[in-house]
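Novice: Following is a predicted model, sequence given first.
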Amino acid sequence: MQKSLLIVVWLLLLISCNEKVAIDHTYQFYSLQVRPDSQLKITPQVNNDSTLRYYNYEIEHGNNSIFTLTYSSGDSIATDSGESDIVIFEVDTAKTEFNIVGTDFKNYSGLYEKSCFCFEEDANKPLPITQGQVFGKKLSSTTWKVRAEIGMIDIEDTVRVGQTKIISLK
């Protein structure tokens, strides 16, 4: 009897070892960040005929709060498979609420960038935001509630000032 039981257990182990478990190496996440006492320094990059190609930007010390919203997705095994949609804009530190729609982003230095290892013409080049909406409400001196729909970014959550919040979707 023990010999039969041992054979059955051995066969079960053998069968279970032959089953392959599919491992998902993909990732998807949002990140939200609010940088206090900052401002965007934006420099237009133009062609020889003076047409705008894209903007370079730097974050400097200033009197605004810089909001950065990111949606990232890709495959963690393939080195160059990931891509991110990045939205960055600045809001006067004195504001306790904002609702930015479409071309109003120009009043907030709003830029959108698709970042990837790709050869698309507009990839990795921050451009003015002309579509979408973002709403923000200051819940306390250290916390904002943000709702955004721009490109692949579709999120509503809270974020603490001076910290990066990451929300995994997988």
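Specialist: In hand now; what should we look at? Keep in mind the model is a prediction, meaning the values are calculated, not measured.
Novice: quick one, strands of the protein?
Specialist: 26-46, 52-61, 64-75, 83-92, 97-101, 111-116, 127-128, 133-140, 143-150, 153-160, 164-168 (DSSP state E).
Novice: For the first one, enumerate the helices and strands it packs against.
Specialist: The one in question is strand 26-46. strand 52-61, strand 64-75, strand 83-92, strand 153-160, strand 164-168 (3 or more CB pairs under 8 Å, 6 or more residues apart in numbering; DSSP states H and E). Glycine gets a C-beta too; all of them are placed from N, C-alpha and C.
Novice: Specify the angle between the first one and strand 111-116 in degrees.
Specialist: Okay, so that is strand 52-61. Following axes from the mean of the first three to the mean of the last three CA atoms, to 10 degrees, one obtains 100 degrees for the angle between strand 52-61 and strand 111-116.
Novice: same check, this time on the longest one
Specialist: If you take the same axes, to 10 degrees, strand 64-75 sits at 20 degrees to strand 111-116.
Novice: quick one: strands adjacent to strand 64-75?
Specialist: Paired with strand 64-75 in the same sheet, following DSSP bridges, are strand 26-46 (antiparallel), strand 83-92 (antiparallel).
Novice: avg pLDDT for the last one?
Specialist: Spelled out, that is strand 83-92. Here strand 83-92 scores 92 as its mean pLDDT.
Novice: what's that strand in contact with?
Specialist: Residues outside strand 83-92 that contact it (CB atoms under 8 Å, 6 or more residues apart in numbering) are 38-40, 57, 62-74, 98, 100, 105, 108-116, 118, 126, 129, 132, 134, 136, 148, 150-153.
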